[in-house]
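Novice: Build me a model from this:
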Amino acid sequence: MPEHGKKYMAAAKNRDIASNYQPRQALEIVKKSSFAKFDETVEVAVRLGVDPRHADQVVRGTVVLPAGTGKSVRVLVIAAGDKAREAQDAGADFVGNEFIQKIKDGWLDFDVLIATPDQMGQLGALGRVLGPRGLMPNPKAGTVTFNVGNAVRETKAGKIEFRVDKAGNVHAPIGKVSFGVEALETNFTAFMDQIVRSKPAAAKGVYVRNVSVSSTMGPGVMVDSTLYRT
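Specialist: Numbering: from 1, shown residues only. Next up, the predicted model:
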């Protein structure tokens, strides 16, 4: 395992590795510990007491971060007729089913793909391209819907998708280091509330095992996970 650089080691001194902090304290330490020359993303990592190998213990969902993500999101909507006009009016960057052929030709200059259910038959053939990149529309994520206007507005406002990985961890961005601590705390709270609400009925024992926050380059800071035990 490579050793961390001097800047990281200096930043790590801002936190007590043996301590679990209140969310606001932890986020203040993350902001103070940021040292990169770019506006780092603030990320939360949650270890859950679930076994994702069982379908009834998979945790996934979406949440609209009240303070946004700090990132501009390019939205493509595959729709026709009135639904295409609705998507345009809501602020989608690219609209129309002609983009299906563009994707087949290698075009992928978008961050989120929303589609109406009647267009999904044509998109199915692109699963190998879109799936590995996390771009395939999904009803559970709200990206397969006839309510395209609302889906576009939520995505632009800061809607993120999360899913537990094979090891039982969930990672998600909750803003930028340049955000005020109040904005970060608001987003963190919204995310954790959704994680708690997403607890599978089949999950046994302690659900939220541990929680940490960090910036892209900075050290992780542990949050008191007992706050999320019901």
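Novice: helices or strands up against the longest helix seen in the chain?
Specialist: Ordering each helix of the chain by length in residues (DSSP state H) puts helix 181-197 first. Packed against helix 181-197, as judged by 3 or more Cβ pairs under 8 Å, 6 or more residues apart in numbering; DSSP states H and E, are the following elements: helix 23-33, strand 41-48, strand 60-64, strand 159-163, strand 169-176, strand 208-215. Yep, even glycine has a C-beta here, placed from its N, CA and C like the rest.
Novice: If you count neighbours, what's buried in that helix?
Specialist: Neighbour-count burial for helix 181-197 flags 181, 183-188, 190-192, 194-195 (criterion: 16 or more other Cβ atoms under 10 Å).
Novice: just how off-centre is it within its chain?
Specialist: With Cα atoms, centre = their mean, to the nearest Å as the basis, helix 181-197 stands 12 Å off its chain's centre.
Novice: Give the rounded mean pLDDT of that helix.
Specialist: Averaging pLDDT along helix 181-197 gives 97.
Novice: Also stretch 112-126?
Specialist: On average, the pLDDT along stretch 112-126 is 93.
Novice: quick one: terminal-to-terminal distance for that stretch?
Specialist: 15 Å (Cα to Cα, to the nearest Å).
Novice: Pull out the buried residues from that stretch.
Specialist: The neighbour-count check on stretch 112-126 (16+ other Cβ under 10 Å) flags 112-116, 119, 123, 126 as buried.
Novice: between these, which is nearest residue 34?
Specialist: Closest approach between those and residue 34, by Cβ to Cβ: residue 112, at 26.6 Å.
Novice: wait, doesn't that closest one sit right on residue 74?
Specialist: Yes: at 7.4 Å, residue 112 counts as touching residue 74 under the criterion of Cβ atoms under 8 Å.
Novice: right, so of the helices and strands packed on helix 181-197, which gets closest to residue 148?
Specialist: strand 159-163 (13.5 Å).
Novice: same for the closest one, what does it pack against?
Specialist: Here strand 159-163 touches strand 60-64, strand 169-176, helix 181-197, going by 3+ Cβ pairs under 8 Å, 6+ apart.
Novice: What residues of stretch 36-43 count as buried?
Specialist: For stretch 36-43, burial by neighbour count (16+ other Cβ under 10 Å) applies to 39-43.
Novice: The one helix or strand in the chain whose mean pLDDT sits lowest packs against which elements?
Specialist: When the helices and strands of the chain are scored by mean pLDDT, DSSP states H and E, helix 6-12 comes last with a mean of 79. Contacting helix 6-12 under the criterion 3+ Cβ pairs under 8 Å, 6+ apart is no other helix or strand.
Novice: got the CA coordinates for it in PDB?
Specialist: Listed next in PDB are the C-alpha coordinates belonging to helix 6-12 (Å, rounded to 0.1, in the frame of the first residue of the first chain):
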ATOM      1  CA  LYS A   6       2.900  15.200   3.200                       C
ATOM      2  CA  LYS A   7      -0.200  17.200   2.400                       C
ATOM      3  CA  TYR A   8      -2.400  14.300   3.200                       C
ATOM      4  CA  MET A   9      -0.600  13.500   6.400                       C
ATOM      5  CA  ALA A  10      -0.800  17.100   7.500                       C
ATOM      6  CA  ALA A  11      -4.600  17.200   6.800                       C
ATOM      7  CA  ALA A  12      -5.000  13.900   8.700                       C
END
